[in-house]
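Engineer: Need a 3D model of the sequence below.
(one chain, ligands or ions: 1)
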Amino acid sequence: MDTPYVSLNQWLRQQFQTKVIKLSLNANLGCPNRQNGKSGCIFCSAGGSGDFAGPKEASITAQLQQQKALLAKKWPSARYIAYFQAYTNTFAPVDVLRRLYEEALSFEGVVGLAIATRPDCLGEDVLTLLKELSKRTFLWVELGFQTSKESTARSIMRGYDNAVYDQAVSALAACQIPVVTHLIFGLPGETTEDMLSSVRYVCRRPLWGIKLQLLHVLRQTPLAQQYETAPFPLLDQETYLDLLCRALPLIPPHVVIHRLTGDGPKKDLIGPLWSANKKAALNAMQKAFVDKKVRQGSDIFAKECKNYFPTAFLSCRKTGFDI
Ligand code: SF4
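Structural biologist: Take a look at the predicted model:
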């Protein structure tokens, strides 16, 4: 099917010539934004925004085994990206990180690593480790940025300012490590222009992939408390689709789209409830793209963004892939 954007699924299939699936892991590393009296980003769930990751008590190998077993019947020849998803996955001494990453890489069928972290947790020693690993495997780093509007960043308790993000993406790009940035649409008080500004902000900087997510209010989060005390408007489906239709043309064609919807646990979702039906949301999205003739990168803005992570650069690493 001709999709009007480069999806991660498509991109991985093209690179690896087979189905590649992310297996979500919880390395139980915690998060500096949830320690020493800090309550974390206000939308973050008890599971550290990794609610589909394996159980934190289980080893990395056991978590990979469990998830592979569930998928093996449907996708017998799939390969896997070990996705360190929950909490902050560079928040530990480098020898601990090395052991965790190496354990994942040694698991049969794993062809790469995805590491979700915060821009303020990428010290020199961590970057050196990531750079070393990225020379022999396919590796990307995901950064939770959410918004470029500093006042919103403060109100959601993101815990760092934009300059920290800028510095982190420059450092990762200097190490030739692909960056995936996570943005949230629908944060309290943000206008359409604020959200589109965030898209432009990240696209002007080193970027290989992007995740766009609808704000979910999840039970037992500071955001849920706020919503219950002083309810604020949540995005309806039409508004969210309109935002996507305006955002996609801004995103340069070389940027891989990792996500266009939210993915929170249904049992904890307070709102927006329409997003719980993921299949219907995805169908409505595809229809909106066709009806409005939306294409990734069609806006003049996208054409002027620099291509920091050309596909050719990633392809050349394929020589080291075990497939
Ligand atoms: S940085 Fe990630 S894990 Fe930490 S509080 Fe924010 S969303 Fe949660």
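Engineer: buried stuff in stretch 6-22?
Structural biologist: By neighbour count on 16 or more other CB atoms under 10 Å, the buried set for stretch 6-22 is Val6, Leu8, Asn9, Trp11, Leu12, Gln15, Phe16, Lys19, Val20, Ile21, Lys22. (C-beta placed from N, C-alpha, C; glycine too.)
Engineer: Verify the stated contact: the last one with Tyr83.
Structural biologist: By that I understand Lys22. Yes. Between Lys22 and Tyr83 there is a contact at 4.2 Å, judged by CB atoms under 8 Å.
Engineer: Mind listing the shared neighbours of these two?
Structural biologist: Here Lys22 and Tyr83 share the contacting residues Ala114, scored by CB atoms under 8 Å, 6 or more residues apart in numbering.
Engineer: Close to the ligand: what parts of the stretch 1-150 of the chain are there?
Structural biologist: The stretch 1-150 of the chain comes close to the ligand at residues Cys31, Asn33, Arg34, Gly40, Cys41, Cys44, Gly48, Ser49, Tyr87, Thr88, Arg118, Gly144, as judged by CB under 6 Å from any ligand atom.
Engineer: sec struct for the nearest residue to Ile156 once chain neighbours are set aside, please.
Structural biologist: Nearest residue to Ile156, sequence neighbours excluded (CB to CB, 6 or more residues apart in numbering): Ile42, at 5.0 Å. Of the three states, Ile42 takes coil under DSSP: H, G, I helix; E, B strand; the rest coil.
Engineer: go on, Leu212?
Structural biologist: Assignment for Leu212 (three-state DSSP): strand.
Engineer: Mind listing the residues bridging to it?
Structural biologist: Leu183 (DSSP bridges).
Engineer: wait, doesn't it sit right on Arg259?
Structural biologist: Yes. With contact defined as CB under 8 Å, Leu212 reaches Arg259; the gap is 6.3 Å.
Engineer: rewinding a little: who wins for neighbours among the residues of the stretch 1-150 of the chain next to the ligand?
Structural biologist: Among those, Tyr87 has the most neighbours (other CB atoms under 10 Å), with 26 neighbours.
Engineer: State the phi and psi torsions of that residue.
Structural biologist: phi 60, psi -150 (degrees, to the nearest 10).
Engineer: which residues of this protein fall in helices?
Structural biologist: 8-16, 60-71, 94-105, 124-134, 150-155, 162-174, 192-203, 222-229, 237-247, 278-291, 300-303, 311-315 (DSSP state H).
Engineer: tell me which strands and helices the first one is in contact with?
Structural biologist: Okay, so that is helix 8-16. strand 256-259 (3 or more CB pairs under 8 Å, 6 or more residues apart in numbering; DSSP states H and E).
Engineer: Give the ranges of residues in the protein that sit below the confidence cut-off.
Structural biologist: Applying pLDDT under 70 to the chain flags residues 1, 48-51, 263, 307-323.
Engineer: still on that earlier bit, possible to save the residues of the stretch 1-150 of the chain next to the ligand as JSON lines with distance to Gly264?
Structural biologist: Output for these, formatted as JSON lines (distance: CB to CB, whole Å):
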{"residue": "Cys31", "distance to Gly264": "17"}
{"residue": "Asn33", "distance to Gly264": "19"}
{"residue": "Arg34", "distance to Gly264": "18"}
{"residue": "Gly40", "distance to Gly264": "15"}
{"residue": "Cys41", "distance to Gly264": "14"}
{"residue": "Cys44", "distance to Gly264": "11"}
{"residue": "Gly48", "distance to Gly264": "13"}
{"residue": "Ser49", "distance to Gly264": "9"}
{"residue": "Tyr87", "distance to Gly264": "16"}
{"residue": "Thr88", "distance to Gly264": "19"}
{"residue": "Arg118", "distance to Gly264": "20"}
{"residue": "Gly144", "distance to Gly264": "14"}
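Engineer: of all these, which two lie farthest apart?
Structural biologist: Arg34 and Gly144 (12.7 Å; CB to CB).
Engineer: Correct me if wrong: Asn162 contacts Glu150.
Structural biologist: Yes. Assessed by CB under 8 Å, Asn162 is found in contact with Glu150 at 6.1 Å.
Engineer: Great, nothing more from me.
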